[in-house]
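Fold the following.
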Amino acid sequence: MTIFPDLTIEHTSIAQDVSITLRSTFSTAVCPCCGVTATRVQSRYTRTTLDLPVSGRSVHLLVHVRRFFCDNPVCFRTIFAEQFPSLVRPHAKVTTRLQEALCLIGFALGGEAGARLGSQLRFPGSPDTLLRLVRTQQLPPNPPPRGIGIDDWAWKRRLRYGTIICDLERGVPIDLLPDRSVETVSQWLQSHPSIEIISRDRASEYATAARKSAPQAIQVADRWHLAKNLTESVSTLLTRCRAEIRRAFRIQIPQEEQGSHVSIDVPTSEVSWSPHRSRSVVQTQRARRAERVDRYEQVIALQQYGLRATEIAHRVGMSERTVRSWLAHKSYPEPKQRRRRPSLIDPYQEYVQQQWREGLMTGPPLYQELKARGYQGSERAMYRYLETLRLPPAKTAPLQQKPSREKKRVTLPLIPPGPLESFSAHKATGLFLREVATLDATEQQDLLLIQQASSTAQQAYLLVQAFMQMVRERTGEDLDEWLRKVQESHLPEFDSFATGIQRDKAAVLAGLTLSWSNGPTEGHVNRLKLIKRSMYGRAKFDLLRARVLYAA
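Residues are numbered from 1 along each chain as shown. Prediction:
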């Protein structure tokens, strides 16, 4: 009986474990150094190896090995042991097929989880053994890619990022880069001249690297990211317009039934400018504060009208806990300022501000100078900080000073429930982006009321639907006309979105015209996050790269 062409079974013993005795079927052996066939046996010994388990029992292979004399006078090896390459590698304690099985477990689960599963299945191997096998496994070669998707992933959010590259035609990742710098991505693109399509998000680093090292490739802006950027602009606009939308349908109470009026104190302080906030961030925060003030006025009015916290929460569309907290404050509760997280550009702020004031250096030259001084952040982070320097200080109290408590008196009449009293900018944004045919009767009625309540919202809705039609039907030829309408609308929330499109117009036009999408890349970013977080701090780059790329 034989299980391998060069081995035969002499004896089998089955107890708690399975033991199988094997010997070679050949009378000669080949010297591993010179390749000369040897016939003279010097000695014998027994080699024990572990094989794949059988029916929950471990399998021990006892192989009778012979040592031979090498008769080649020029060979430096005098004595050698015969090898069994189909069964086990030299000096290995487990068979080749058991190593392959352990390697697959390591790729799928990593070290700790793989070792726990292997112990249950009677597969021997510690976490270190599994990770060593994963690291030594050769990754299969990839054919030259034609269309790639490129995206970043976070080693540590906001501080350190890497890059993942996928073959969009096959839908598999083909490489992992340790950072997302222009230099690293450019070197990779230069080594792959077959690339014709580069699908990416709106990041400036990848656009710069593609223009620099792959000028033959067409850059395609991902449609999902375009829709996401538009969603942020719409949400900010609807947040700013909440008071206008809600009060448009306020039911007027007859004069003889109004009785007393409700007096509400609201502080007049606004969102203060900060050197760490960009223009879009300040715009969004001011819109959210206006929405919060309007909600507070609404809650206080209903409370003085005689409603309880539970009824107010249901009527306004807020949680009861938040309503009770607001009512307990007796005044408008300004949100607490979050502590700003440290940034990699913090040590260089004084130098950047000096260069900015003197007008000596901006843009790419400044980035190169910062790198020479030890800056490890991205070019995008530097540009975000430069954008904050363009903002004029607001005519309000700075963050380090206590906000002014100057108050104004706002008198609101008591009102019964209105059709848009529980208006939410977040929910309304979804109505603006979806097709009318996918909305039910209630959602269509709410959408119609919002447009009737605010001419600004109606104007924004027409622009949003026109852009989403380009996204869905890939009619990019209408982009110029859409940009013209945005310019004529004078909606500040859409200005930055339109400016970003103009800056990256060729890629946006390709994204709204071609069928390429960065969806497969986004999916593998999620898979990468799962693998990274399951490795208990041992996700070094070589190990993470092997697990992400192998058998993807």
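
In which helix or strand does Leu22 reside?
Using DSSP states H and E, Leu22 maps to strand 18-24.

neighbouring contacts of stretch 370-377?
Here stretch 370-377 makes contact (C-beta atoms under 8 Å, 6 or more residues apart in numbering) with Ser343, Leu344, Ile345, Tyr348, Tyr351, Val352, Tyr367, Met382. Where you see a C-beta, it was placed from the backbone N, CA and C, and this is true even at glycine.

what's the answer for stretch 100-118, then?
Outside stretch 100-118, the residues touching it (C-beta under 8 Å, 6+ apart) are 52, 94, 123-131, 133-134, 137, 531, 534-536, 538, 546-547, 550-551.

Kindly report the same for stretch 44-59.
Contacts for stretch 44-59 (C-beta under 8 Å, 6+ apart): 14, 16-20, 60-67, 81, 87-88, 92-95, 97-98, 101, 121-124.

Quick one: distance of the strand or helix carrying Ala101 to the chain centre.
Using DSSP H and E, Ala101 sits within helix 96-109. Centre-to-centre, helix 96-109 and its host chain are 29 Å apart (C-alpha atoms, centre = their mean, to the nearest Å).

next SSE after that helix?
Later in the chain than helix 96-109, the nearest helix or strand by DSSP H and E is helix 111-120.

between that next one and helix 96-109, how many degrees?
130 degrees (axes from the mean of the first three to the mean of the last three C-alpha atoms, to 10 degrees).

pLDDT averaged over whatever helix or strand Ile164 lives in, what's the number?
Using DSSP H and E, Ile164 sits in strand 160-167. For strand 160-167, the mean pLDDT works out to 93.

So which elements touch it?
strand 147-156, strand 172-177, helix 182-190, helix 519-533 (3 or more C-beta pairs under 8 Å, 6 or more residues apart in numbering; DSSP states H and E).

I'd guessed Ala546 sits against Thr136; true?
No - using C-beta atoms under 8 Å, Ala546 is not in contact with Thr136; the gap is 9.3 Å.

Which of the two has more residues huddled nearby?
More crowded of Ala546 and Thr136, by other C-beta atoms under 10 Å: Ala546, with 20 against 10.

what's the spacing between the more buried one and Cys103?
Using C-beta to C-beta, to the nearest Å, Ala546 is found at 10 Å from Cys103.

Kindly report the same for Gln190.
Distance from Gln190 to Cys103, by C-beta to C-beta: 33 Å.

Which one of these two is surrounded by more residues?
Counted by other C-beta under 10 Å, Gln190 and Cys103 do not tie: Cys103 has more neighbours, with 21 against 12.

For the strand holding Ile164, which strands pair with it and how are they oriented?
Strand pairing for strand 160-167, using DSSP bridges, gives strand 147-156 (antiparallel), strand 172-177 (antiparallel).

Compare those strands and report which one is nearest to Ala207.
Judged by C-beta to C-beta, the one of the strands paired with strand 160-167 that comes nearest to Ala207 is strand 147-156, at 10.2 Å.

Longest helix of this structure, counting residues only.
Longest helix of the chain, by residue count under DSSP state H: helix 279-304.

now the strands: where do they sit in the stretch 451-552 of the chain?
Shown for the stretch 451-552 of the chain, no strands are assigned by DSSP state E, counting those that start in this stretch.

Could you list the low-confidence segments of it?
Scanning the stretch 451-552 of the chain with the threshold set as pLDDT under 70 gives 551-552.

Packing partners of the helix or strand containing Met382?
For Met382, the element it lies in under DSSP H and E is helix 379-389. Here helix 379-389 touches helix 204-213, helix 349-358, helix 364-372, going by 3+ C-beta pairs under 8 Å, 6+ apart.

shared neighbours of Ala546 and Cys103, anything?
Taking C-beta under 8 Å, 6+ apart as the criterion, Ala546 and Cys103 both touch Val134, Gln137.

From the chain's centroid, how far away is stretch 511-519?
Centroid separation between stretch 511-519 and its chain, computed with C-alpha atoms, centre = their mean, is 19 Å.

Kindly report the same for stretch 51-62.
On C-alpha atoms, centre = their mean, the centre of stretch 51-62 falls 43 Å from that of its chain.

pLDDT of that stretch, averaged?
90.

Now do the end-to-end distance for it.
End-to-end span of stretch 51-62 (C-alpha to C-alpha, to the nearest Å): 11 Å.

in it, what counts as buried?
By 16 or more other C-beta atoms under 10 Å, the buried positions in stretch 51-62 come out as Asp51, Pro53, Ser58, Val59, Leu61, Leu62.

Check stretch 430-440 too.
Leu431, Phe432, Leu433.

Stretch 24-35 too?
Neighbour-count burial for stretch 24-35 flags Ser24, Ala29, Val30, Cys31 (criterion: 16+ other C-beta under 10 Å).

Those in strands, which ones?
Ser24, Ala29, Val30 (DSSP state E).

Okay, and the beta partners of the first one?
Which is Ser24. For Ser24, the beta-bridge partners under DSSP bridges are Leu7.

How much space separates it from Ala507?
For Ser24, the distance to Ala507 equals 64 Å [C-beta to C-beta].

now do Ser58
For Ser58, the distance to Ala507 equals 58 Å [C-beta to C-beta].

Same check on Val172?
Taking C-beta to C-beta, one finds Val172 at 24 Å from Ala507.

Likewise for Gly56?
Here the criterion is C-beta to C-beta. By it, Gly56 lies 57 Å from Ala507.

and what of Ala425?
Relative to Ala507, and taking C-beta to C-beta, Ala425 is found at 29 Å.

can you check Ser43 too?
Separation of Ser43 from Ala507 (C-beta to C-beta): 71 Å.

between those two, who's got more neighbours?
Using other C-beta under 10 Å, the more surrounded residue of Ser43 and Ala507 is Ala507, with 23 against 10.

from memory the more buried one sits against Ser204, does it?
No - at 11.2 Å, Ala507 does not count as touching Ser204 under the criterion of C-beta under 8 Å.

Next up, the contacts around Asp71.
Val36, Ala38, Thr39, Arg40.

so which helix or strand takes in it?
Here Asp71 is assigned to no helix or strand, by DSSP H and E.

Now do it against Ala38, distance only.
With C-beta to C-beta as the criterion, Asp71 and Ala38 are 6 Å apart.

before we move on, the earlier item: dump the strands paired with strand 160-167 into a markdown table; add mean neighbour count and distance to Ser235 as well.
As requested, those are arranged in a markdown table below (neighbours: other C-beta atoms under 10 Å; distance: least, C-beta to C-beta, whole Å):
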| stretch | mean neighbour count | distance to Ser235 |
| --- | --- | --- |
| strand 147-156 | 20 | 23 |
| strand 172-177 | 20 | 32 |
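
and of those, who's closest to Glu473?
strand 147-156 (21.3 Å).

For Thr107, which non-adjacent residue is closest in space?
Heads up, residue 107 is Phe, not Thr. Nearest non-adjacent residue to Phe107, counting by C-beta to C-beta, 6 or more residues apart in numbering: Tyr550, 5.0 Å away.

Assess the claim that Trp155 and Thr163 are in contact.
No - Trp155 lies out of contact with Thr163 (C-beta under 8 Å); the separation is 11.0 Å.

Pro364 - nearest residue in space that isn't next to it in sequence?
Excluding the flanking residues, the one nearest Pro364 by C-beta to C-beta, 6+ apart is Glu379, at 7.8 Å.

Helices of the stretch 451-552 of the chain, start to end?
455-473, 479-489, 492-503, 505-511, 519-533, 541-549 (DSSP state H, counting those that start in this stretch).

got CSV for the ones you listed, with distance to Ala309 too?
Shown next, in CSV, are the helices of the stretch 451-552 of the chain (distance: least, C-beta to C-beta, whole Å):
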stretch, distance to Ala309
helix 455-473, 30
helix 479-489, 40
helix 492-503, 33
helix 505-511, 48
helix 519-533, 40
helix 541-549, 50
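
Done for today, thanks.
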